[in-house]
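Trainee: Next come a sequence and a model predicted from it.
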Amino acid sequence: MNAGDSGEGGNRVDTLDIETTRAWILATAAAVDSHRDVLTELDAAIGDADHGANMHRGFTAVAAAVGGDYAPETVGQLLGKVGMTLISSVGGASGPLYGSAFRAAGRQLATPEADGDQFALALRAALDAVRALGAAAAGDKTMVDALMPAVTTFDEAVTSGAGLRAAARAAATAADAGARATTPLQARKGRASYLGERSIGHQDPGATSTALIFAALADTLDGTLGRMP
């Protein structure tokens, strides 16, 4: 069974096309907007309280850049536009990290649509880019703590035969769990690491915003693929 994973519509095509990708990015921008204060509060506890504002500014710029008349020829071109916009509009470490992730993913998707296997490779490239730039590992209390389990879970789901929609939902669940699991960790990277043990007891804002991106992906695919004839 393809996109459905629901027992209906066996002829559904389980791919991520340009318009669905655009919808995902716009949904991410909306999620960042609605969670801006949450991200700010989390960052105020262990950082400099600007993660909410930075992510909001970045994805507001992204929504303007990829909406309207923008007509990319491939999924990768669209994601590359997202990445470059984040790098140019977001201050601090967030812009380069998130921007590099989207650009790396985009370089793997030089087609008008991508299936689960292709998107798994793109997510792996995004993770590799973040780890290379930020030199962070799982357990360091960073966005990697949400990104790594999401990427691994997505890949495992696709490998086991799950469709894109089911794999994305599993990845979103893993990302959320990973973000929540940063609360008892002591930060070993970034500004939060300067706090030492005082960083314990606070959820990482970068992991939280990463989980929002995967939740937006899963919600978009639930709404889009679920309605395909």
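Mentor: Arrived safely.
Trainee: Show me the strands in this structure, by range?
Mentor: For the chain, the strands defined by DSSP state E occupy 16-17, 113-114.
Trainee: just checking, residue 97 touches residue 133?
Mentor: Yes - contact between residue 97 and residue 133 holds when scored by Cβ atoms under 8 Å: they sit 6.0 Å apart. No exception for glycine: its C-beta is placed from N, CA and C like everyone else's.
Trainee: okay, those two: which has more neighbours?
Mentor: Neighbour count, other Cβ atoms under 10 Å: between residue 97 and residue 133, residue 97 has more, with 25 against 15.
Trainee: and the more buried one, how far is that from residue 146?
Mentor: Residue 97 is 12 Å from residue 146, where distance means Cβ to Cβ, to the nearest Å.
Trainee: Give the residues shared as contacts by the two.
Mentor: Taking Cβ atoms under 8 Å, 6 or more residues apart in numbering as the contact rule, residue 97 and residue 146 both touch residue 206.
Trainee: low-confidence ranges in this protein?
Mentor: 1-13, 224-229 (pLDDT under 70).
Trainee: returning to that earlier point: for residue 185, find the nearest of the strands of the chain.
Mentor: strand 16-17 (32.1 Å; Cβ to Cβ).
Trainee: name the helices or strands packed onto that closest one?
Mentor: Other helices and strands packing on strand 16-17, by 3 or more Cβ pairs under 8 Å, 6 or more residues apart in numbering; DSSP states H and E, are strand 113-114.
Trainee: repeat that with 10 Å
Mentor: strand 113-114, helix 116-134, helix 164-180, helix 205-224 (3 or more Cβ pairs under 10 Å, 6 or more residues apart in numbering; DSSP states H and E).
Trainee: Kindly reformat the strands of the chain as JSON lines containing distance to residue 85 and mean neighbour count.
Mentor: Output for the strands of the chain, formatted as JSON lines (distance: least, Cβ to Cβ, whole Å; neighbours: other Cβ atoms under 10 Å):
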{"stretch": "strand 16-17", "distance to residue 85": "20", "mean neighbour count": "20"}
{"stretch": "strand 113-114", "distance to residue 85": "20", "mean neighbour count": "22"}
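Trainee: got JSON lines for the ones you listed, with distance to residue 193 too?
Mentor: JSON lines is the format used below for the strands of the chain (distance: least, Cβ to Cβ, whole Å):
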{"stretch": "strand 16-17", "distance to residue 193": "36"}
{"stretch": "strand 113-114", "distance to residue 193": "36"}
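Trainee: right, so of these, which gets closest to residue 91?
Mentor: strand 16-17 (29.9 Å).
Trainee: what number of residues lie near residue 88?
Mentor: As a burial measure, residue 88 scores 12 neighbours (other Cβ under 10 Å).
Trainee: Let me fix that, I meant to ask about residue 184.
Mentor: Using other Cβ under 10 Å: residue 184 sits among 11 other residues.
Trainee: got the contact list for it?
Mentor: Contact analysis of residue 184 by Cβ atoms under 10 Å, 6 or more residues apart in numbering lists 141, 200-203.
Trainee: rewinding a little: just tell me which of the helices and strands packed on strand 16-17 ends up closest to residue 63.
Mentor: Nearest to residue 63, of the helices and strands packed on strand 16-17 and by Cβ to Cβ, is helix 205-224 at 12.0 Å.
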